[in-house]
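Visitor: Structure here, sequence nowhere to be found:
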């Protein structure tokens, strides 16, 4: 019930407008969002690198409404890639297609993201195209396949699969046939039961099934979960199948289960922390609360501590 509540709240324009402009809202968001400006997230990435984890940086924003906004978003990502390269950070970038003008013009978005992947190729980096709600699933996968076919892009661009979608097993098989890198997560959008598993147990079971397929595929993927039971099961699976830790990486969100993140690094597993920043943080923040409502109590108890 709480998950549905927070997902519903994530879509409220009135609450979003209030939260993103209020001091209290900004304070609540700080646990999961590394500030509003590029220097803020670069500092956060440096700290995470120092204790041994990689980073994926995302400028929060969705559904731009014109070409100028899309081009501005893309320029900010070019700046990120330059900063990552100049500072020699263990970091890549993650973006949403609607932030690149996907709703304005697919050709516009394809051109902007192609230039970003070209930039990433020049500096030996990688671009993750994030997954949004179900109306965008097929279009996003088609878009990524097109990007991956561009000269020099193979292995330099990947996408995200959400285990709560019934279609995800087939999508994984299709992407693996082209050796496209996948970030596997459970999913954080409100989807109807005719296209998505409504029960957590089924989502978890599908997650484990898909994760095992990815880990055995010979392609480097990101296993994105904070569920300690799932992490333990996948570590055991990897040992049983003689899959080395270098064949995949665990991925987790900034500010969530830092204890588990640091434990994995100490144990020698690859870990990448997804670090978002930007002023348009409200939808992302509410979806994080939907994924783990216990975060509400944690934030409430710690918001006045330094």
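Guide: Received, thanks. Note that the coordinates shown come from a computational prediction; the quantities given were computed from them, not determined experimentally.
Visitor: And the helices in this protein?
Guide: Ranges of helices within the chain are 2-10, 13-21, 23-29, 38-50, 67-86, 106-122, 137-149, 168-177, 200-215, 228-240, 258-266, 282-291, 294-302, based on DSSP state H.
Visitor: what does the fifth one rub up against?
Guide: Think helix 67-86. 38, 42, 45, 57, 59, 61, 64, 89, 91-93, 95, 99-101, 104-105, 108-109, 112-113, 115-116, 119-120, 123, 125 (Cβ atoms under 8 Å, 6 or more residues apart in numbering). To be clear about C-beta, it is placed using only N, CA and C from the backbone, and glycine gets the same treatment.
Visitor: cutoff 7 Å now
Guide: 38, 42, 57, 59, 61, 64, 91, 93, 95, 99-101, 104, 108-109, 112, 115-116, 119-120, 123, 125 (Cβ atoms under 7 Å, 6 or more residues apart in numbering).
Visitor: same deal with the fourth one?
Guide: Contacts with helix 38-50, where a contact means Cβ under 7 Å, 6+ apart, come from 34-35, 55, 57, 76, 79-80, 83, 87, 89-91, 254, 273, 275, 277.
Visitor: Quick check on those residues: which are buried?
Guide: 34-35, 55, 57, 76, 80, 83, 89, 91, 254, 273, 275, 277 (16 or more other Cβ atoms under 10 Å).
Visitor: Now the two most distant members of those residues.
Guide: Across these, the longest distance by Cβ to Cβ is 19.9 Å; it joins 76 and 273.
Visitor: and residue 215, what is it in contact with?
Guide: Contacts of residue 215 by Cβ under 7 Å, 6+ apart are 234, 237, 238, 243, 247, 248.
Visitor: Dump those into a markdown table; add neighbour count, pLDDT and distance to residue 196 as well.
Guide: Output for the contacts of residue 215, formatted as a markdown table (neighbours: other Cβ atoms under 10 Å; pLDDT from 0 to 100; distance: Cβ to Cβ, whole Å):
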| residue | neighbour count | pLDDT | distance to residue 196 |
| --- | --- | --- | --- |
| 234 | 23 | 98 | 22 |
| 237 | 15 | 98 | 25 |
| 238 | 20 | 98 | 28 |
| 243 | 18 | 97 | 29 |
| 247 | 18 | 97 | 29 |
| 248 | 23 | 98 | 25 |
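Visitor: ok so, going back, show me the buried ones among the contacts of helix 38-50 that map onto strands.
Guide: Judged by DSSP state E, these include 55, 57, 91, 273, 275, 277 as members of strands.
Visitor: before we move on, the earlier item: of the contacts of residue 215, closest to residue 146?
Guide: residue 248 (25.3 Å).
Visitor: Surely that closest one and residue 221 touch.
Guide: Yes - taking contacts as Cβ atoms under 7 Å, residue 248 lies within contact range of residue 221: 5.4 Å.
Visitor: Touching both of those two, which residues are there?
Guide: residue 214.
Visitor: sorry, back to before: of all the buried ones among the contacts of helix 38-50, which comes closest to residue 210?
Guide: residue 273 (21.6 Å).
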